[in-house]
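> predicted structure and sequence below. I'll ask about it afterward.
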Amino acid sequence: MKEIAAGNQLVLPFLGMLLEQPRSARELMGHLGPGSRFEHLSPHSGTIYSLMLTLAEAGWLSYADDEAHHLDHVCVITPAGREELKRRLGEAIINTSWTSGHQFVTALPYLDLFDRDEAVALLDQRATRLRARSREFVMAAEAKDRSVTEVAKDDYLDTRTQFEISWIETYRDRVAASQWPPVDRVMGDTVTQRA
């Protein structure tokens with residue numbers, strides 16, 4: 001597989017949208033641009049087209065017909081693509097680095113790919129990692145010889161982290177207590193029903 005797909009932040013939403021339904025490269029571009037649920041990614045059309053070809057080479061998507069290089073060609077996620085999507089979703093949900101917030105926001109709508117226990121466990125892992133980060137911020141803020149602005153930064157980051165922990169735990173409890181998955185969604189061969 002080309003390096004472009006290894007750390008590319010577009011792979012997760014790209015495969016996620018293909019899981020929802022087969023789409024052409026042109027449709028994918030429309031769903032990844034300004035005004036879309038993924039507008040924070042704002043890719044160029046050439047990036048999407050290149051990624052489509054790379055994911056096909058990796059075996060994560062296939063084409064509904066033989067016109068592999070056409071923008072209106074319909075892409076379909078493969079079983080290997082579903083597995084890769086699930087792996088990337090798990091990583092994005094538990095990754096708590098400040099630079100990965102967009103990955104978490106992108107992954108959250110696909111949490112229902114996991115069964116209830118898996119989803120709860122992933123959210124628990126994120127909360128555990130966030131609590132560890134919070135302790136680091138508190139220790140840094142309490143360290144001697146720190147300027148007022150350094151302490152303020154650590155206090156701010158801890159406050160933000162505490163808010164996210166609270167939100168994650170509330171959401172985790174909702175997932176644990178709800179009928180799962182929570183929405184009607186067609187995913188490849190599977191239809192999930194709302195309670």
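All right, it came through fine. A quick note: this is a predicted structure, and the numbers were derived from the prediction, not measured.
> got phi/psi on the closest residue to Ser36 other than its chain neighbours?
Leaving aside its chain neighbours, Ser36 sits nearest to Gly30 (7.3 Å; criterion: CB to CB, 6 or more residues apart in numbering). All C-beta spots, glycine's among them, are computed from the backbone N, C-alpha and C. Here is the backbone geometry of Gly30 (degrees, to the nearest 10): phi -70, psi -30.
> next, count neighbours for Gly30.
13 (other CB atoms under 10 Å).
> likewise Asp173?
Other residues within reach of Asp173, judged by other CB under 10 Å, total 12.
> any idea of the pLDDT on it?
Asp173 carries a pLDDT value of 96.
> just the element for it, please.
Assigned by DSSP states H and E, Asp173 belongs to helix 148-177.
> by contact count, what packs against that helix?
helix 116-142 (3 or more CB pairs under 8 Å, 6 or more residues apart in numbering; DSSP states H and E).
> tell me the angle the helix it packs on makes with helix 148-177.
Counting by axes from the mean of the first three to the mean of the last three CA atoms, to 10 degrees, helix 116-142 lies at 160 degrees to helix 148-177.
> that older thread, list the buried ones in the helix holding Asp173?
154, 157-158, 161, 164-165, 168, 171-172, 175 (16 or more other CB atoms under 10 Å).
> what's the domain layout of this structure?
3-93, 114-185 (automatic domain parsing).
> got a list of what the residue most central in space within the chain touches?
Geometric centre of the chain, nearest residue: Ala107, 2.2 Å, by CA atoms, centre = their mean. Taking CB atoms under 8 Å, 6 or more residues apart in numbering as the criterion, Ala107 is in contact with 12, 88-89, 92-93.
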